[in-house]
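[1] structure here, sequence nowhere to be found:
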């Protein structure tokens, strides 16, 4: 029984191999082909797709812009138009060159969710506004959790609060 060996980095890849590498379903890759004319895999008999390394890097860059950076398809199309395929492919090739990220630190083992009492927060229009939320303070962090985790959660909480306030002001 022969052992499967890893392909050369320059080898063409099937859609299922690319889907595995990018952790993206094959139907999504086919959909992206319909939305991004720059994705041009070689098609052989029966319509079977073969992706070159530069195609994989382009797909990886598109995936990162969509999923990691939160851009829309139109946003990625605009970047492709303004900066070119090479720019987006470089984003993908940089991602491929980075070693696998260390696993995220686990959450504290003991979290207590605190439902706060409604509180009045003064807004710019000087009228009171009731703010109901899940947390008012970072009481959910167990007192034994690390200071780094606590600080990170406080930062995220502050960012979310600021975002909520900006969204409320836009209404």
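    Yep, it's here. Not measured: the values here are computed from a predicted model.

[2] need the contact list for the nearest residue to residue 13 once chain neighbours are set aside.
    With C-beta to C-beta, 6 or more residues apart in numbering as the criterion, residue 13 has its nearest non-adjacent residue at 4.9 Å, and that residue is residue 51. Backbone N, C-alpha and C define where each C-beta goes, glycine included. Each residue near residue 51 by C-beta atoms under 8 Å, 6 or more residues apart in numbering is listed here: 12-15, 17-18, 41-42, 59.

[3] out of those residues, who's the most crowded?
    Most neighbours among those, by other C-beta atoms under 10 Å: residue 59, with 26 neighbours.

[4] isn't that one right up against residue 39?
    Yes. Counting by C-beta atoms under 8 Å, residue 39 is a contact partner of residue 59 at 6.6 Å.

[5] report how many residues lie close to residue 161.
    With neighbours defined by other C-beta under 10 Å, the count for residue 161 comes to 15.

[6] okay, and it sits in which element?
    Element membership of residue 161 [criterion: DSSP states H and E] is helix 147-169.
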